[in-house]
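1. Sequence and predicted structure are below.
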Amino acid sequence: MTAPVRFVILGGGPAGNTAATHAARLGAEVTLVERDIVGGAAHLWDCIPSKAMIATGGAMALTRRSGGLGLADVDASFDLESLGPRNAAITERLSRSVSTLLESQGVRMLRGSGRLKGPHQVVVETDTDVIEIDADAVLLATGSRPRVPPWAEVDGERILTTRDAYPPPEIPEHLVVIGSGVTGVEFVHMFASFGSKVSLIVSRQQVLPDKDADVAAVLEADFLARGVMLLKGAKAEAIDRGPDSVVVRCDDGRRVAASHALLAIGFVPNSENLGLDAAGVESDRGFVPVNHHGQTNVAHIYAAGDLSGKLPLSSVASMQGRKIAEHAMGLHTRAHRHLDYDKAASAIFTEPEIADVGLTESEAFAAGRKIRATKVPFAASARALIDGDARGFVKIVSDPATGVVLGGSIVGRNASELISVLALAVTAGLRVTDIVESLLVHPSLAEALADAAE
Ligand SMILES: Cc1cc2nc3c(=O)[nH]c(=O)nc-3n(C[C@H](O)[C@H](O)[C@H](O)COP(=O)(O)OP(=O)(O)OC[C@H]3O[C@@H](n4cnc5c(N)ncnc54)[C@H](O)[C@@H]3O)c2cc1C
């Protein structure tokens, strides 16, 4: 009998914990090293607390719109004190369920900071010990943290990163959000829902510069309707802090005086002190490049999640972890389906929500590729009218010759759920007729998908 593969994983976020569970199921002897909580930054700082706060803001926004739903005199007052404990309770519960799953698969969990000592050795520093572990395979899944530029001094009080915002010490009277990518617009939405005045610094001419223009336009219209000030074509270059205020200075001379500023300008990988040199693992500006199996330049050392510099999504990190576990256990065959990053669905939890998958119209246009794009507004949807929110649309991009669904965008209520249908269609190579001929629920928002597929 051969000895089980000794698989050591650094980082217990979506990439690390999924790889650990899967590899253990496949028979590996797995050690998972996590310095903070199992579930990772995704549970503690990123996906979960941000969406929990947005859910609270969404409930408040709904009460403000309740007149349109036939209700009178509904008013919600906001309880700042309860937000932190609510976030903590959700995070703890999720982390506990991940730990239980790992335990049930026999994964050895070590709380501490890990690093490579050599190609086959990992060192873990716990509160009390320094432990050396021999490994046949190693996964580096140590994630990332918010990027703080040299011109900003984050104090957690008035100059914040996203990690200071769950919730901040007080709800800002006027918040300047710096950065108009996915994270930036979610925080604009979150704090606008809480009643803060919000200004958004948009370095280009469109919020969400990587999205289709018509998708971004719906969000911009919503922001403007809610009184959000958009400073387009401006790059922040300094923040001056006063006792009760901040002033954000932009490169075009504009200045915004506010009560708080929040940085949402990307992230940096957690790769310092990982011992990459000791094991001969190459890095590129802190990221650890990988091939389509998730291998670094050292074949038995893998990297996944934000550290790998691929799509920074929790869902992608988990799938990378799964595929890496299979590869490390020798389960890859010629028929093995590689992770196709171009088919990852993603969502932006604003109001309306925005979600997309696969090829977008603008990408097809840029590549000179012939496509069929069909678009249906929710204004024609019975369910959207019943719910009192008919903003947005569904757009499906397909191959004009074969009808195969290549991608799609949804802007509107529950877009983050509805996109699953298109994600399945894109992954499975379904045709538009497959969607048209599905017997869907009526009245449902999903009917708009069938209409757009027509
Ligand atoms: C505000 C915000 C909201 C987001 N919302 C979403 C969303 O809604 N949906 C989505 O799909 N994605 C979202 N993301 C992105 C998502 O959070 C990341 O892509 C995901 O967390 C990456 O997972 P990971 O496994 O690489 O690492 P992480 O979740 O970052 O976990 C890495 C873990 O490694 C640990 N670690 C680091 N160094 C060591 C070491 N040396 N030894 C031991 N442990 C170590 C850390 O403590 C951490 O727990 C969001 C990001 C942000 C910033």
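-> Arrived safely, thanks for sending. Numbering: from 1, shown residues only.
2. and the gap between D306 and A379?
-> 38 Å (Cβ to Cβ, to the nearest Å). (Each C-beta comes from the backbone N, C-alpha and C, glycine too.)
3. A450 now?
-> On the measure of Cβ to Cβ, A450 and A379 end up 16 Å apart.
4. and the two? which has more neighbours close in?
-> Neighbour count, other Cβ atoms under 10 Å: between A450 and A379, A450 has more, with 20 against 13.
5. got any ranges where this protein has weak pLDDT?
-> The model of the chain has pLDDT under 70 over residues 1, 333-335.
6. immediately after the longest strand that the chain contains, which helix or strand?
-> The longest strand of the chain (DSSP state E) is strand 405-412. Reading on from strand 405-412 to the C-terminus, the next helix or strand found by DSSP states H and E is helix 415-428.
7. and N273, how many residues sit next to it?
-> 10.
8. separation between it and the ligand?
-> 7 Å (Cβ to the nearest ligand atom, to the nearest Å).
9. Equivalent analysis for V404, please.
-> 26 Å.
10. For that residue, give the beta-bridge partners.
-> R431 (DSSP bridges).
11. Please apply the same query to I159.
-> Beta-bridge partners, per DSSP bridges, of I159: A261.
12. need the contact list for it.
-> 152-153, 239, 241, 246, 260-261, 263 (Cβ atoms under 8 Å, 6 or more residues apart in numbering).
13. residues in contact with stretch 266-279?
-> 10-11, 113, 115-119, 123, 138, 140, 142-147, 179, 181, 282-283, 286-288, 298, 301, 306-307, 309, 312.
14. What residues does the stretch 251-400 of the chain have near the ligand?
-> 270, 274, 305-307, 312-315, 317 (Cβ under 6 Å from any ligand atom).
15. Max pairwise distance over those residues: which two?
-> Greatest spatial distance in these: L274 and S315, 24.0 Å, computed using Cβ to Cβ.
16. now the strands: where do they sit in the stretch 201-350 of the chain?
-> 229-232, 236-241, 246-250, 255-258, 260-263, 267-269, 301-303, 346-348 (DSSP state E, counting those that start in this stretch).
17. helices or strands next to the fourth one in the packing?
-> The criterion is 3 or more Cβ pairs under 8 Å, 6 or more residues apart in numbering; DSSP states H and E, and the helices and strands that strand 255-258 contacts are strand 174-178, strand 197-202, strand 246-250.
18. would you list those strands in CSV and tack on distance to the ligand and mean neighbour count?
-> CSV is the format used below for the helices and strands packed on strand 255-258 (distance: least, Cβ to the nearest ligand atom, whole Å; neighbours: other Cβ atoms under 10 Å):
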stretch, distance to the ligand, mean neighbour count
strand 174-178, 12, 26
strand 197-202, 16, 23
strand 246-250, 20, 19
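19. how many other residues sit next to L339?
-> Counted with other Cβ under 10 Å, L339 comes out at 18.
20. M319 is in contact with that one, correct?
-> Yes - assessed by Cβ atoms under 8 Å, L339 is found in contact with M319 at 5.5 Å.
21. so what's the spatially most central residue of the chain closest to, chain neighbours aside?
-> Taking Cα atoms, centre = their mean, the centroid of the chain lies closest to L313, which sits 4.3 Å from it. Spatial nearest neighbour of L313, chain neighbours left out: S346 (5.9 Å); criterion: Cβ to Cβ, 6 or more residues apart in numbering.
22. what about the residue of the stretch 301-450 of the chain found nearest the ligand, how many neighbours?
-> With Cβ to the nearest ligand atom as the measure, G305 is the residue of the stretch 301-450 of the chain nearest to the ligand, at 2.0 Å. Counted with other Cβ under 10 Å, residues neighbouring G305 total 34.
23. residue contacts, it?
-> 11, 13-16, 141-143, 316-317, 320-321.
24. how about a cut-off of 10 Å?
-> By Cβ atoms under 10 Å, 6 or more residues apart in numbering, the residues touching G305 are 11, 13-16, 18-19, 40-42, 139-144, 269-270, 294, 312-314, 316-318, 320-321.
25. Same check on D36?
-> Counted by Cβ under 10 Å, 6+ apart, D36 has contacts 11-13, 43-45, 95, 111, 113, 143.
26. mind redoing it with 7 Å?
-> Applying Cβ atoms under 7 Å, 6 or more residues apart in numbering to D36 gives the contacts L44.
27. One more: K370?
-> Here K370 is in contact with P400 (Cβ under 7 Å, 6+ apart).
28. Break this structure into its domains for me.
-> Taking automatic domain parsing as the reference, the chain has its domains at 6-146+269-333, 159-265, 352-453.
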